[in-house]
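Participant: I would like the atomic coordinates for the input below:
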Amino acid sequence: MSPTFAQLGVPDSICRALDERGITQPFDIQAAAMADAMAGHDICGRAPTGSGKTLAFGIPLVATAVRARPHRPTALVLAPTRELADQIMTELRSFAGGVRVAVVYGGVGYGRQMEALRRGVDILVACPGRLEDLIEQGVVSLAAVEAVVIDEADRMADMGFIPAVRRLLDQTSPDRQTMLFSATLDGDVASLTREYQYKPVRCEVGEETPDVIAADHVFWNVARAERIGVAADAITASGSAIVFCRTRHGCDRLARQLDRAGIATAAIHGGRSQNQRTRALGEFASGRVQALIATDVAARGIHVQGVDAVIHFDAPEDHKAYLHRSGRTARAGQGGVVVSLVLPEQAREMGRMQRQLGLEQPITEVDMAAIAWLRESASHSEPARRSEPDTASRDSDRPRRSSQPRRDSERSGAGHKSRSRRSSRPQRSRNRNRNRRPSAKRAA
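Facilitator: The predicted structure follows:
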């Protein structure tokens, strides 16, 4: 039996706040990472979407929070999308008590964000672009940041944010605690671990490709002129769906076409204001609209419970994009269907992508009965319909295929002294590669 939050060392005030929300038992990634995180160790965590990682890093941040001076936060969470950043902030505030949590991201005005920083923010949740903008304006300094979380690091890499993440890390305290969470730990993510973490405790939970494994997948051969009708029928058969397009224009056009076909839709993409994106997510989460039409940029920012289907209206760019899109359904133990509409000229490329993902389903003719059957089969074990957006730790719901967490601790020796402000954190040498990189390299 896994330990309780209290047994992991979580303060009583946070335990009570979680208990009021019905969160009483840690999930795998939380049980694996939380004690080491609160002890001040760097964490390198691999966990699928919906596994509870927001609480895994959020509770330690709140529990060890240091009171910040104006414009100088003491903890930082970096997130790749506005929606995810906003959800993390909301989640942390639900149990933060007197700890001040604020969020900064683009697409909205500067006024409220600047005012929050002027008053003082203990834990700052941020998207890299807006944060660098505010630093350049002299509104915020990262010199006092003692704990950093890089959330969805693989998505950061996919979106080209890694150079910005490096620049931001270089401005934080060289003795900081660095926690990194990602669905994969290779490529650019591995380089961040090598350069910016000090003997991290590795916590790995779930399947290597959990988003694919959890859902049922169908691939349909569809002529271009038939796609809109097929998409409308698939949405109706599934119940609710997120439909992915490659471009903003295509996203808006499809939303209008589906509206004319009688499907209530909302569009979400980078060209929409933050208020429009938030409203679209709220309408979809509450059931007021049946289909959310989205671009790839928005894929990782969509955390909604009970999505019945994902439809690839436009083929994904690559197998990673397929993963990111498809992970919006079959979350946290629920059933889900992933439908790919494959144009005849895309069949060969789709077959190659399927082989990369280990998906052996053939490309067949359209079969709506299959969607209805899959939905009915999933409903027998599926939780109740969604009623609210999934705030990044419901995330706290269990993944469908749970596995025992694997933890490889490489801890520093027992002789380290505690830090003055975070008494449990190991002292770190300021001369390590993971701390401040040479200015010439930083400029490059």
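
Participant: Check whether residue 353 really touches residue 321, as I assumed.
Facilitator: No. Counting by CB atoms under 8 Å, residue 321 is not a contact partner of residue 353; they are 9.3 Å apart. Quick note: C-beta positions are derived from backbone N, CA and C, even for glycine.

Participant: between these two, who's got more neighbours?
Facilitator: residue 353 (21 against 18; other CB atoms under 10 Å).

Participant: Now that one: closest residue in space that isn't a chain neighbour?
Facilitator: residue 319 (5.0 Å; CB to CB, 6 or more residues apart in numbering).

Participant: So what's the residue count around that neighbour?
Facilitator: 18.

Participant: what sits against it?
Facilitator: 353, 356-357 (CB atoms under 8 Å, 6 or more residues apart in numbering).

Participant: Check those residues against residue 240 and report the nearest one.
Facilitator: Closest approach between the contacts of residue 319 and residue 240, by CB to CB: residue 357, at 23.9 Å.

Participant: neighbours of that closest one, just the number please.
Facilitator: The burial count for residue 357: 18, using other CB under 10 Å.

Participant: Ramachandran angles for it?
Facilitator: The phi/psi pair for residue 357 (degrees, to the nearest 10) reads phi -90, psi -10.

Participant: My read is that it contacts residue 325, right?
Facilitator: No. The pair residue 357 / residue 325 is not scored as a contact, 12.0 Å apart, by CB under 8 Å.

Participant: Please tell me how far the residue most central in space within the chain sits from residue 276.
Facilitator: Nearest residue to the geometric centre of the chain (CA atoms, centre = their mean): residue 152, 5.1 Å. Here residue 152 is placed at a distance of 23 Å from residue 276 (CB to CB, to the nearest Å).

Participant: Name the SS class of residue 267, please.
Facilitator: Assigned with DSSP: H, G, I helix; E, B strand; the rest coil, residue 267 falls in the strand class.

Participant: list the contacts for it?
Facilitator: 251-252, 255, 280, 292-294.

Participant: Let's see which of these end up in strands.
Facilitator: The strands, defined by DSSP state E, take in 292-294 from those.

Participant: Going by distance to residue 227, which of those residues wins?
Facilitator: So of those, ranked by how close each gets to residue 227 (CB to CB), first place is residue 293, at 13.0 Å.

Participant: so what's that closest one scoring on pLDDT?
Facilitator: On pLDDT, residue 293 comes in at 95.

Participant: Residue 420 too?
Facilitator: Note for residue 420: predicted pLDDT of 37.

Participant: try residue 157
Facilitator: At residue 157, pLDDT is 87.

Participant: What helix or strand is it located in?
Facilitator: Per DSSP states H and E: residue 157 is located in helix 153-158.

Participant: Starting from that helix, tell me the next helix or strand along the chain.
Facilitator: Heading C-terminal from helix 153-158 (DSSP H and E), you reach helix 162-170.

Participant: now residue 317: how far from residue 109?
Facilitator: 32 Å.

Participant: Same question for residue 154.
Facilitator: 30 Å.

Participant: before we move on, what about residue 227?
Facilitator: 38 Å.

Participant: Then residue 24?
Facilitator: Taking CB to CB, one finds residue 24 at 39 Å from residue 109.

Participant: now swap in residue 292 and tell me
Facilitator: Residue 292 is 25 Å from residue 109, by CB to CB.

Participant: Compare these two (neighbour count), which wins?
Facilitator: residue 292 (26 against 8).

Participant: Can you tell me, leaving aside adjacent residues, what's nearest to that one?
Facilitator: Closest to residue 292 by CB to CB, 6+ apart is residue 284, at 4.3 Å.

Participant: for that neighbour, what are its contacts?
Facilitator: Going by CB under 8 Å, 6+ apart, the list of residues near residue 284 reads 240, 242, 266, 291-292, 304.

Participant: how about the helices of the stretch 101-250 of the chain, start to end?
Facilitator: Assigned by DSSP state H, counting those that start in this stretch, the helices in the stretch 101-250 of the chain fall at 111-119, 128-136, 153-158, 162-170, 187-196, 210-214, 227-238, 248-260.

Participant: Tell me which of those helices lies nearest to residue 344.
Facilitator: It's helix 227-238; of the helices of the stretch 101-250 of the chain, that one is closest to residue 344 (CB to CB) at 12.0 Å.

Participant: Go ahead and name everything in contact with that closest one.
Facilitator: By CB under 8 Å, 6+ apart, helix 227-238 touches 220, 222, 241, 243, 254, 257-258, 261-263, 290-291, 308-309, 311, 313, 337, 339, 341, 366, 368, 371-372, 375.

Participant: Try it again at 6 Å.
Facilitator: 222, 241, 257-258, 261, 263, 291, 308-309, 311, 313, 337, 339, 341, 366, 368, 371-372, 375 (CB atoms under 6 Å, 6 or more residues apart in numbering).

Participant: do the same with stretch 106-117
Facilitator: Under CB under 6 Å, 6+ apart, the answer for stretch 106-117 is 71, 82, 102, 104, 129-130, 139-140, 273-274.
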